[in-house]
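> let me see the structure of the following:
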Amino acid sequence: MIKLHAYVMQHFPYATPDSPESKNYVQLEVYEPVYCIYTAIWKYGGGKSSDELFIKIPQNWMNNCTDLNLGLDYILPSPIINVTESAMVKIRLTSPPHRVNGNDTMILQFQVDETSSECQDCLKWEPKEFYFNIKNFHEYQTMIVIRIKDGSETTIRPIMNGGGYDKIPFYYYRLLFR
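Residues are numbered from 1 along each chain as shown. Below is the predicted model:
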């Protein structure tokens, strides 16, 4: 049986120092014993609660829970690409990467999602890596996707490393090309 413990408060215990979560309100949902998620809430909260409520808060929630603020934002005018033609995909982050061990860089790569692609060698894309940090997370970077072989659907999926993004489920951010 899954048990839910939910918390909303400012100055959340065990938050990473100088992170948005250490300064603002946080909503944490712990689904024992399976997983947990959290999000920063910038203005509202219920104030300080009884210390008894803190017993169920995992001390490592900032490292082990998924931050719902983190995500990718794409602009893709059309997913249809003919042979030798290309599509321009604009990519940015929905929230700044977390500073982990003094590093706020998130490296983004893509690979063909073999489980949902009918053609696995029909596309190529450039560049192979994107670098985002606290200063440029909101700026779009451009990926050019070229169809090099006639074929049907190809799905590419992101590989996100660093800044807390490695915990984000990739399947929300797959790109389908026809």
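> what is the least confident helix or strand in this structure?
Ranked by mean pLDDT, DSSP states H and E, the helix or strand of the chain with the weakest confidence is helix 61-64, at a mean of 80.
> just how off-centre is that one within its chain?
14 Å (Cα atoms, centre = their mean, to the nearest Å).
> again with stretch 87-99
Counting by Cα atoms, centre = their mean, stretch 87-99 comes out at 9 Å from the chain centroid.
> contact partners for the residue most central in space within the chain?
Nearest residue to the geometric centre of the chain (Cα atoms, centre = their mean): residue 71, 3.4 Å. Applying Cβ atoms under 8 Å, 6 or more residues apart in numbering to residue 71 gives the contacts 93-95, 168, 172-173. Just so you know, the C-beta spots here come from the backbone N, C-alpha and C atoms, and that holds for glycine as well.
> likewise for residue 151?
118-119, 122.
> can you flag the buried ones in these?
Buried subset of the contacts of residue 151 (neighbour count, 16 or more other Cβ atoms under 10 Å): 119, 122.
> so which of the contacts of residue 71 are in helices?
Among those, the subset assigned to helices under DSSP state H is empty.
> reformat the residues you listed as TSV; add distance to residue 105 and neighbour count.
TSV is the format used below for the contacts of residue 71 (distance: Cβ to Cβ, whole Å; neighbours: other Cβ atoms under 10 Å):
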residue	distance to residue 105	neighbour count
93	11	25
94	17	12
95	15	19
168	15	19
172	21	10
173	18	19
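> which one of those residues is nearest residue 24?
residue 95 (12.3 Å; Cβ to Cβ).
> does the closest one touch residue 69 like I think?
Yes - look at residue 95 against residue 69 with Cβ atoms under 8 Å: they come within range, at 4.1 Å.
> Throw the contacts of residue 151 into a markdown table and include pLDDT and secondary structure, thanks.
As requested, the contacts of residue 151 are arranged in a markdown table below (pLDDT from 0 to 100; DSSP: H, G, I helix; E, B strand; the rest coil):
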| residue | pLDDT | secondary structure |
| --- | --- | --- |
| 118 | 90 | coil |
| 119 | 91 | coil |
| 122 | 96 | coil |
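> what score does residue 45 have for pLDDT?
Per-residue pLDDT puts residue 45 at 50.
> what about the strands in this protein?
Per DSSP state E, the chain carries strands over the ranges 3-10, 25-32, 35-41, 66-67, 72-75, 86-93, 106-112, 123-126, 130-132, 141-147, 154-161, 175-177.
> want to throw those into TSV with mean pLDDT?
Shown next, in TSV, are those (pLDDT from 0 to 100):
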stretch	mean pLDDT
strand 3-10	84
strand 25-32	87
strand 35-41	85
strand 66-67	85
strand 72-75	96
strand 86-93	97
strand 106-112	98
strand 123-126	98
strand 130-132	99
strand 141-147	98
strand 154-161	97
strand 175-177	94
